[in-house]
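> here is my input, please return the structure:
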Amino acid sequence: MQLAVLEGQEAVIIERLSAPEAPELVSQVGGRLPLHCTGVGKVLLSHGGAELIETVLSGELREYLPRSIVAPEVLRKEIADCRHTGTATVREELTPGTDSVATRIVNGEGRVVAALSVVVRTDSVKHQAVLPSVIASGLGMSRSSAGALASKSATADHLSAEEAGRASHCRSSCA
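Residues are numbered from 1 along each chain as shown. I've put the predicted structure just below:
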């Protein structure tokens with residue numbers, strides 16, 4: 001499991017948990033990953049705004065492995081699909097022998113603030129079998145984020161009534 005946030009034009013890993021038999025990855029806590037060829041990267045890129053998308057697509061899209069997507073028009077379609085579904089899957093684009101299934105984490109205002117992924121060995125499991133658990137985890141983290149925001153509002157009066165209402169609405173509609 002990896003949790004990442006957007007910083008500039010990269011995904012920064014802020015948490016990583018793995019089983020002893022998990023595949024070896026290039027990512028480490030505090031490490032940076034490209035946006036165009038990682039699950040968390042594609043989720044963050046797809047929700048990073050039009051300016052970020054255009055900057056990344058017009059820049060150099062490095063081909064780390066033969067399956068790395070470096071054609072801007074193909075990546076643009078994947079970004080649009082990810083923005084619509086909130087999920088991204090990657091098959092051997094950055095690390096040989098590994099696939100990634102990722103989803104978004106939203107705050108109480110519905111803004112994507114992080115991405116969560118599970119990395120598995122290529123062909124060890126169907127992505128569709130992992131996807132529901134990844135989505136459920138992302139929704140749970142999003143609800144926790146929204147709940148913390150609403151709780152902070154109730155105790156410290158940091159948010160307006162309207163903002164607290166949006167956080168409360170997100171908790172009930174994300175359930």
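
> dump the residue contacts of residue 9.
By CB atoms under 8 Å, 6 or more residues apart in numbering, the contact set of residue 9 is 35, 52, 55-56, 59. The C-beta positions use only the backbone N, C-alpha and C, and glycine is treated the same way.

> among those, which one sits closest to residue 93?
For those, the closest approach to residue 93 (CB to CB) belongs to residue 35, at 11.4 Å.

> that closest one and residue 115, how far apart?
Separation of residue 35 from residue 115 (CB to CB, to the nearest Å): 10 Å.

> neighbour count: the two, which is higher?
The neighbour count for residue 35 versus residue 115, taken as other CB atoms under 10 Å, is higher for residue 115 (30 against 27).

> return the distance of the strand or helix carrying that one from the chain's centre.
In this assignment (DSSP states H and E), residue 115 forms part of strand 112-121. Averaging C-alpha positions (CA atoms, centre = their mean, to the nearest Å) puts strand 112-121 5 Å from its chain's average.

> repeat for stretch 78-92
Distance of stretch 78-92 from the chain centroid (CA atoms, centre = their mean) equals 9 Å.
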